[in-house]
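Peer 1: sequence first, then the predicted structure:
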Amino acid sequence: MKREINVIDLKFNEELMKIDKPRKIVIHHTHNPNLTVESTHKLHIERFKWAGIGYNYFIEKSGDIFQGRGMYVGAHAKNHNRDSIGIALAGNFDEDLPTEEQIESLVDICLEFMINYDIEPIRVIGHREIEGVEKTCPGLLFDMDKFRELLIERLDKIK
């Protein structure tokens with residue numbers, strides 16, 4: 001179950017604060033299917049003037065998981081960053097489905113966080129499920145209910 005998380009040297013423009021106790025996981029898509037962890041980091045600095053990549057973790061189409069901010073407060077879900085882990089998948093899931101490799105990696109990393117931080121499956125949410133969010137993120141084709149069912153199924157196998 002435990003997947004390797006790739007760590008690359010991303011330079012942040014300010015000191016980041018540790019996440020105290022994550023209470024939920026927020027799933028995102030990049031919308032631009034060509035983004036990588038590095039290009040997202042650069043985009044978030046240049047366009048949004050953030051400290052760096054806003055997501056805590058990033059899953060490329062190959063299923064490779066990269067650390068973004070890691071377990072430091074992200075910039076991915078307004079008013080929810082201090083108590084959530086933001087995971088972005090490269091792709092536009094309004095138009096395409098995530099790759100099987102991405103889903104497998106997402107399940108694995110979510111289960112790891114759910115077990116380590118006692119996060120219930122219902123607290124694994126799509127960005128669009130946050131009150132006030134008008135985006136489709138993580139995309140119209142990404143079925144959050146089915147994803148949560150998959151997490152429950154896998155959790156039952158572990159226990």
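Peer 2: On my side now, so go ahead. Numbering: from 1, shown residues only.
Peer 1: and the gap between the residue most central in space within the chain and Lys61?
Peer 2: Centrality entry for the chain: nearest residue to the mean C-alpha point is Ile87, 0.6 Å, by Cα atoms, centre = their mean. Distance of Ile87 to Lys61, given as Cβ to Cβ, to the nearest Å: 14 Å. Using the backbone N, CA and C atoms, a C-beta is placed for each residue, glycine as well.
Peer 1: measure Ile87 to Phe58 for me?
Peer 2: In this structure, Ile87 and Phe58 are 8 Å apart, going by Cβ to Cβ.
Peer 1: now do Leu141
Peer 2: Distance from Leu141 to Phe58, by Cβ to Cβ: 19 Å.
Peer 1: what about those two, which has more around it?
Peer 2: Looking at Leu141 and Phe58 with other Cβ atoms under 10 Å, you find the greater number of neighbours at Phe58, namely 27 against 15.
Peer 1: does that one sit in a helix, a strand or a coil?
Peer 2: The three-state label given to Phe58 by DSSP: H, G, I helix; E, B strand; the rest coil is strand.
Peer 1: give me every residue that touches it.
Peer 2: By Cβ atoms under 8 Å, 6 or more residues apart in numbering, the residues touching Phe58 are Thr36, Val37, Thr40, Ile65, Phe66, Gln67, Gly68, Ile87, Ala88, Leu89, Ala90.
Peer 1: the same query, at a cut-off of 7 Å, please.
Peer 2: For Phe58, the set of contacting residues under the criterion of Cβ atoms under 7 Å, 6 or more residues apart in numbering consists of Val37, Thr40, Phe66, Gly68, Ala88.
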